[in-house]
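Peer 1: give the three-dimensional model of this entry:
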Amino acid sequence: MKSLKPIQMFAKIGKIVSLVIHIVCMVGGIGCIVGIVALAVIPDGFKLGGVTIRGFINNYDNLSIGACYTAMAIGAVVCICEAILAKIAHLYFKHELDAGTPFTFDGAKELLRLGICTVAISVGASILAAITYAVMSSLFSGVNELHFEFGTSIGVGLMFIVMSFFCKYGAEIREQSEKGETGHENTGA
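Peer 2: Numbering: from 1, shown residues only. The predicted structure follows:
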């Protein structure tokens, strides 16, 4: 089973990368929320070397406080959505490594779930970000246009869905092969 080795290596890499992404997105989301609260609670902002953070924001490329609030709010939404998705991916890779192969019925079902969640969370994050932008731009003036895309995430989700059918087919072949080796036939559904 030489071809299983690289699959398992990629699963190990996927498990590690998805865990790192989960942690980074959680830190980013929490950082955005803390930034919103800090900017709201401390009216003059923090003072660094005689310059307040609020003054630095106002002087930086005509950036408004409203634009900062909007960017942090959208950043929090996107980071939290991506953290959830990364955790689901991490669990898939963990379970796949525990099973020792992607060709199990449970693994195929979980990969299908990961694909559906990737598409749904990407679309949901996009909608939530657009709603957040609409609300924030109605509350604050000087909010820049919103530009981001989740098309790649949707494509990856669709790829996971297609791959889940390959994994299910592999699980069926594996099951038939095991039946042939033991000489027993399972008559149950």
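
Peer 1: could you use CA atoms for every contact and neighbour count after this?
Peer 2: OK.

Peer 1: show me what contacts residue 163?
Peer 2: Listed by Cα atoms under 8 Å, 6 or more residues apart in numbering, the contact partners of residue 163 are 111, 112.

Peer 1: same check, this time on the one 5 residues further on
Peer 2: For residue 168, the residues meeting the contact criterion (Cα under 8 Å, 6+ apart) are 103, 104, 105, 108, 109.

Peer 1: tell me the helix or strand right after the worst-scoring helix or strand of the chain on mean pLDDT.
Peer 2: Counting by mean pLDDT, DSSP states H and E, the chain has its least confident helix or strand at helix 53-59, which shows a mean of 62. For helix 53-59, the succeeding helix or strand toward the C-terminus, using DSSP states H and E, is helix 65-99.

Peer 1: what is that following helix packed up against?
Peer 2: Judged by 3 or more Cα pairs under 8 Å, 6 or more residues apart in numbering; DSSP states H and E, the packing partners of helix 65-99 are helix 4-41, helix 53-59, helix 105-139.

Peer 1: so for it, what gets flagged as buried?
Peer 2: Across helix 65-99, burial judged by 16 or more other Cα atoms under 10 Å covers 65-97.

Peer 1: stretch 10-17 now?
Peer 2: Buried residues in stretch 10-17 (16+ other Cα under 10 Å): 11, 12, 14, 15.

Peer 1: check stretch 33-40 too.
Peer 2: Under the neighbour-count rule (16+ other Cα under 10 Å), stretch 33-40 has 33, 35, 36, 39 buried.

Peer 1: dump the residue contacts of the second one.
Peer 2: Meaning residue 35. residue 72.

Peer 1: go with 10 Å
Peer 2: 29, 41, 68, 69, 72, 73, 76 (Cα atoms under 10 Å, 6 or more residues apart in numbering).

Peer 1: I'd say the third one and residue 143 touch.
Peer 2: Yes: counting by Cα atoms under 10 Å, residue 68 does reach residue 143; the two are 8.3 Å apart.
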